[in-house]
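**Q** build me a model:
(chains A, B and C)
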Amino acid sequence: MATTVAPQTPPRTADEPTGAWSWFATTDHKRIGSLYLFTALTFMLIGGLEAEIMRTQLMRPNQHIVSAELYNQLFTMHGTTMIFLVIMPLSAAFFNLLIPLQIGARDVAFPRLNAFSYWVYLFGGIFITLPILFGAAPNGGWFGYAPLTTKTYSPGLNIDFWVIGLQILGISSLAAGFNFITTIINMRAPGMNLMRMPLFTWMSFVVQFLIILAFPVITIALVFLLFDRFFGTNFYEIARGADPLLWQHLFWIFGHPEVYILVLPAFGLVSEVMPTFARKPLFGYPVMVYSGILIGMLGFGVWAHHMFAVGMGPIADSFFAVTTMLIAIPTGVKIFNWIFTLWGGSIRFTTAAMFAIGMVAMFTIGGISGVMHSSPPADLQQTDTYFVVGHFHYVIFGGSLMGLFAGLYTYFPKFTGRLLDERLGKWHFWVNFFGSNLVFFPMHFSGLLGMPRRIWTYDGGQGWDTFNFLSTMGAYLLVPATLILVYNIWKSMKSGRIAGNDPWGAGTLEWSIPSPPPPYNFAAIPRVTSRYPLWDVKPPLASTPVPNTPMHSETPAPTAAELGIPMPYHTLKPLLTALALPIMFGGLMLMHLENKLPHYIFMYGGAAMLVGCLYWWLTTPLEPEHHHA
Amino acid sequence: MSDAHAEHAEHHPTWSTYWKVALILTVITVVEVMCYYIPAFVATPYFVPTLLILSAVKFAIVVLFYMHLKYDAKLYRALFTGPFLVAMATIIVLMFLFGKFAIHLSLLT
Amino acid sequence: MTATAADVGHGYTTTGLPHRKIAIWAFIGSECMLFASLISTYLIYKGRSITGPFPHEAWTDPSTHHVYKAILNIPVTSCSTFVLLMSSLAMVLALAAVENRDVPKHTLGDRILGSSKLWLFATAALGATFLSFQAYEFTSFVHEGLTIRTNLFGSSFFTLTGFHGAHVTAGVLWLLTMLGIDFKRGLGPKDALNVDIMALYWHFVDVVWIAIFTLIYLIK
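**A** From the prediction side, this is the model:
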């Protein structure tokens, strides 16, 4: 029975689990998504701090605020953190939060494996981050080129942490890849054929294939480096005949698909945000799907464009130049389709919409500098300079991160039941937009004027000084921008406006259920007959979502038990299994000690824990027995 | 869990298929090893392609019959073939990049 | 209020296929890339070791004048290859036995074919035999002067075949677990999916060996 008083808290079901244990033992994709989100945002602050220190060091020529060695650790950890501990997990947060809801499912295909992926990420992230507190952080760049990273040239523990940390993190992504592939193929609601799937789910589907195909390659590259460093093998030992390019090829066969892994989910989010706030369907849905697939496939054929300067010869250079230029086509097509989505729409310039539009602009700039790299002769001038740094920050910060922010502002209400503050959001957007352009645009100039990457200081008077100063000012602006976001999240979680099911008047299934969703998501699995099921009932232009009008309070949603829906057990097994990995790998690192006992205990003990926990997990049913069909 | 019997409802290889496949696998392996011991053949440019084709046949019959891919849902075929082709392409391109096909190219000219 | 509710029970799937089977095929696809990287590296480094021993030809160490024979032993490895191929046959029969457990068996031949315990055991035993051959091979190579550190051949060979062997080992453990369950409570048609998953993994490991045997052992 409706009341006329605004409810103070978002709706909850009576059986919503609470308490710390329910978080450690969760198998609920929505909780796992929240864990990914908050962990990633924390790592973002750490990676951001690393960047601020670097920019302070580079503000003026010949400064000695940090040493060269510390600077190496900073840029290595900044890159590693932002790529593996921030952008990928932010995408994973959305995979978890959104995919089951968008396809009309109650959870992912393998809920415990899903939890396992998160805990492995957390433990791997801690493993690779803690060393910086002891001055032993990885220091070979985020791409760790061998032979620089072999024992001869990197004798300390730094690279060991890097190799092992990345191996652990790779397991997290691979497990999630198998999980989401199965989920998207096999758990779509009746009537949702592939060409009716929301575009975010489509892009995520492509990304999962990129993950399961690319990560094995870096796994092997890292295995070779690990074996060289720990067991004295010769994969990267030039003196024994090893090829200095082996690492580079293997790394970039992974590394290039990796950058599409970084950006496609953000593309998918923007493809949800644009239609919602323009109040019309995405322009050219099939083309958007096919271009995403094409980008994914072509992404495996361009990797050596990172190696134009190593001397592969004209045939190889030309081949990869052509494939790289080709991949610009489906990407450019997307840009146009987003613009045409806005064209003729009734646009509401919410923070989310502004981040989406800003993303399109920033990514276009990054794409243009990217296409400039695709010509090997031109790239010889640009490679290893700040021009490249400018390029990839435009596409990752301006592209991926801004797209993810657009998703955050749109979907935060769905998962917390409260809207983020729009005024704070606008401030976040503008300071962020202005700041990021101020950091990264000057880099195109200093780069073309010859400023190399990865240098800890530089002599003045080479024409780089002003640009570096401007970049640092921009970097300083990003600090308040980020703090505004953090404050907004904190404040809105406590006292943000109640959102209701559908504050935006959007069209896809996730908006048909309460905010936050009950544990079982859908009381009844819907039957889908179009791409925008909610707009069939209430056309977008006719809907006037009123987020500033209190929603009627509703009777609490029924519990799963009342609806007869079996829910998976809470279980600590995924966490414990995940914990075995850093123990086992950490034990390997203890090999260098005089006393071999800790090495044996941790390594074999960790392995035993892994096998034991796996047995325990695999022999326990997921959920209470119900009658089989 | 959904029922698993659906995809086995149609053709199901029998014991007869299974031992024939095993026999073919054995025969091909014997042929391959025999080839290895004929130096005159090993010296020709046909040795490597022959071995590759024979192995490809073994690979295919294990995948199609033992792994049931011939009889199962098309989805599984797609899930395997796509990545398999990407893997093949990667090996081949790497061979080119590291100059491993130079010998063969000179044979063609 | 949105789309109408669909009348689907718990355990509904879009394709009618089981989650686990889709996942294992995706996993196998991923493993193709894993082994492709290992095999590519072996092929890249083929013929580029600065010092011996070498796979297919003898080598005299210029400093010690010790003669190292060609390391690879084709007859022995041909046997182990045959053993692994036969293990796939046993695997396929084990799966059939599990699926057909409830079909009445009239002849002795039928009962032999229909014994899942026999065929699971046979698969595991053949797999373990393959591993013993590998262990014998590896130790004899070490005795003959080839370790994982010796040269590029040693590093790439032992890593590639070691990874394969680790996969076989995991498979044997899986098989023994299945066998244990068969003894404990019996395996029947309702377990067919799980046995099928294991079988797919096992066959894939066999198929990778087919590639390795040809590319590493037979091609010089």
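
**Q** buried set for the longest helix belonging to chain B?
**A** Of all the segments assigned as helix in chain B under DSSP state H, the longest by residue count is helix B:74-97. Using 16 or more other C-beta atoms under 10 Å in any protein chain shown as the test for burial, helix B:74-97 gives B:75-76, B:79-80, B:82-84, B:86-87, B:90-91, B:93-95, B:97. Where you see a C-beta, it was placed from the backbone N, CA and C, and this is true even at glycine.

**Q** shouldn't residue A:519 be in contact with residue A:570?
**A** No. Under the criterion of C-beta atoms under 8 Å, residue A:519 makes no contact with residue A:570, lying 10.8 Å away.

**Q** now residue A:424, nearest residue through space, not along the chain?
**A** The shortest distance from residue A:424 to any non-neighbouring residue, by C-beta to C-beta, 6 or more residues apart in numbering or on different chains, is to residue A:488 (4.2 Å).

**Q** residue A:519 and residue A:570: who's more crowded?
**A** residue A:519 (22 against 15; other C-beta atoms under 10 Å in any protein chain shown).

**Q** mind checking how far residue C:115 is from chain A?
**A** As judged by C-beta to the nearest C-beta, to the nearest Å, residue C:115 and chain A stand 24 Å apart.

**Q** number of residues surrounding the closest residue to that residue other than its chain neighbours?
**A** Take residue C:115 and drop its neighbours on the chain: the residue closest to it by C-beta to C-beta, 6+ apart is residue C:97, 6.0 Å away. Using other C-beta under 10 Å, residue C:97 is surrounded by 24 other residues.

**Q** now for residue C:97: which residues touch it?
**A** C:113, C:114, C:115, C:116, C:118, C:119 (C-beta atoms under 8 Å, 6 or more residues apart in numbering or on different chains).

**Q** so the nearest residue to the fourth one once chain neighbours are set aside, which state does it fall into?
**A** Translated: residue C:116. Spatial nearest neighbour of residue C:116, chain neighbours left out: residue C:97 (3.9 Å); criterion: C-beta to C-beta, 6+ apart. Under DSSP: H, G, I helix; E, B strand; the rest coil, residue C:97 falls in the helix class.

**Q** mean confidence for the helix or strand harbouring the residue nearest to residue A:424?
**A** Of the helices and strands defined by DSSP states H and E, residue A:488 is found in helix A:465-495. When pLDDT is averaged along helix A:465-495, the result is 97.

**Q** check which helices and strands it is in contact with.
**A** On a contact count with 3 or more C-beta pairs under 8 Å, 6 or more residues apart in numbering or on different chains; DSSP states H and E, helix A:465-495 meets helix A:29-58, helix A:402-416, helix A:422-448.

**Q** circling back to that earlier point, list the contacts for the residue nearest to residue A:424?
**A** Here residue A:488 is in contact with A:420, A:421, A:424, A:425, A:428 (C-beta under 8 Å, 6+ apart).

**Q** now do residue B:83
**A** For residue B:83, the contact set (C-beta under 8 Å, 6+ apart) comprises A:209, A:212, A:213, C:28, C:29, C:30, C:32, C:33.

**Q** try 6 Å this time
**A** A:213, C:29, C:32 (C-beta atoms under 6 Å, 6 or more residues apart in numbering or on different chains).

**Q** report pLDDT for it.
**A** pLDDT, residue B:83: 97.

**Q** could the contacts of residue C:97 go into a markdown table alongside secondary structure, neighbour count and pLDDT?
**A** Written out in a markdown table, the entries for these read as follows (DSSP: H, G, I helix; E, B strand; the rest coil; neighbours: other C-beta atoms under 10 Å in any protein chain shown; pLDDT from 0 to 100):
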| residue | secondary structure | neighbour count | pLDDT |
| --- | --- | --- | --- |
| C:113 | helix | 17 | 89 |
| C:114 | coil | 20 | 92 |
| C:115 | coil | 18 | 94 |
| C:116 | helix | 24 | 95 |
| C:118 | helix | 17 | 96 |
| C:119 | helix | 23 | 97 |
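
**Q** which one of those residues is nearest chain A?
**A** Chain A has its nearest neighbour among those in residue C:116, at 18.7 Å by C-beta to the nearest C-beta.

**Q** residue numbers of chain B in contact with chain C?
**A** B:1-2, B:4, B:6, B:15, B:18, B:22, B:25, B:32-33, B:36, B:48, B:51, B:55, B:58-59, B:62, B:66-67, B:73, B:76, B:79-80, B:83-84, B:87, B:90-91, B:94, B:98 (C-beta under 6 Å from any C-beta of the partner chain).

**Q** re earlier: nearest to chain B among the contacts of residue C:97?
**A** The closest of the contacts of residue C:97 to chain B turns out to be residue C:113 (C-beta to the nearest C-beta; 6.0 Å).

**Q** what does chain C have sitting close to chain A?
**A** Where chain C comes near chain A, counting by C-beta under 6 Å from any C-beta, the residues are C:2-6, C:8, C:11, C:13-15, C:19, C:22-23, C:26-27, C:30, C:33-34, C:37-38, C:48-50, C:148-149, C:152, C:155.

**Q** buried members of these into PyMOL, please.
**A** Buried residues among those (16+ other C-beta under 10 Å), as a PyMOL selection:
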select buried, chain C and resi 2+3+6+13+14+15+19+22+23+26+27+30+33+34+37+38+49+148+149+152+155
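
**Q** now do the contacts for the spatially closest residue to residue A:348 that is not a sequence neighbour.
**A** Closest residue to residue A:348 apart from its sequence neighbours, by C-beta to C-beta, 6+ apart: residue A:277 at 5.0 Å. By C-beta under 6 Å, 6+ apart, residue A:277 lies in contact with A:348, A:350, A:353.

**Q** tell me the mean pLDDT over the host helix or strand of residue A:277?
**A** Assessed by DSSP H and E, residue A:277 sits inside helix A:246-278. With pLDDT averaged residue by residue, helix A:246-278 scores 97.
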